[in-house]
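1. Sequence first, then the predicted structure:
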Amino acid sequence: MGKLLLMIFLGVAIWWLWRKLQATKADAALPKAERPPELMARCAHCGVNQPRSECVEGAGQAVYCSDAHRREAESGSAGE
Ligand SMILES: [Zn+2]
């Protein structure tokens with residue numbers, strides 16, 4: 001009888017250790033895809049949304065999707 005209890009105890013101990021090991025493994029394998037979301041900006045000329053890093057900065061706070069739109073907006077908006 002004592003042998004059976006020992007076997008059960010060992011089984012539980014191994015199961016408990018295995019579960020602990022799985023938990024630490026899961027902790028170590030945290031997703032590394034924690035990238036800050038890219039800031040989007042809206043073209044002041046045509047209104048298209050695109051990543052801030054791909055935008056062209058115009059006068060003041062205005063950003064444009066392309067240099068062509070920056071030039072168009074800055075040459076055309078003077079009278080408006
Ligand atoms: Zn544009």
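-> Okay, I see it.
2. For the chain, just list every one of the helices.
-> 2-28, 67-76 (DSSP state H).
3. and the residue most central in space within the chain, what does it touch?
-> Geometric centre of the chain, nearest residue: Arg35, 3.5 Å, by C-alpha atoms, centre = their mean. Shown here is Arg35, which makes no contacts under the criterion C-beta atoms under 8 Å, 6 or more residues apart in numbering. The C-beta positions use only the backbone N, C-alpha and C, and glycine is treated the same way.
4. quick revisit: and the helices of the chain, which is most packed in?
-> Neighbour counts (mean count of other C-beta atoms under 10 Å) averaged over each of the helices of the chain peak at helix 67-76, with a mean of 14.
5. Any idea which helix or strand in this protein has the lowest mean pLDDT?
-> None of the helices or strands of the chain scores lower by mean pLDDT, DSSP states H and E than helix 2-28, at a mean of 90.
6. Now find how far off-centre that helix is within its chain.
-> Remark: helix 2-28 is offset 36 Å from the chain centroid, using C-alpha atoms, centre = their mean, to the nearest Å.
7. What of stretch 38-54?
-> 18 Å.
8. and it, average pLDDT?
-> The average pLDDT within stretch 38-54 is 93.
9. isn't Cys43 right up against Gln50?
-> Yes - counting by C-beta atoms under 8 Å, Cys43 does reach Gln50; the two are 7.2 Å apart.
10. Overlap of the contact sets of those two?
-> Taking C-beta under 8 Å, 6+ apart as the criterion, Cys43 and Gln50 both touch Cys65.
11. In terms of neighbours, single out the busier of these two.
-> Cys43 (20 against 16; other C-beta atoms under 10 Å).
12. residues touching the closest residue to the more buried one other than its chain neighbours, list them.
-> In space, and not counting its chain neighbours, Cys43 is closest to Cys65: 3.9 Å by C-beta to C-beta, 6 or more residues apart in numbering. Neighbour list for Cys65: Cys43, His45, Cys46, Val48, Gln50, Glu54, Cys55, Val56 [criterion: C-beta under 8 Å, 6+ apart].
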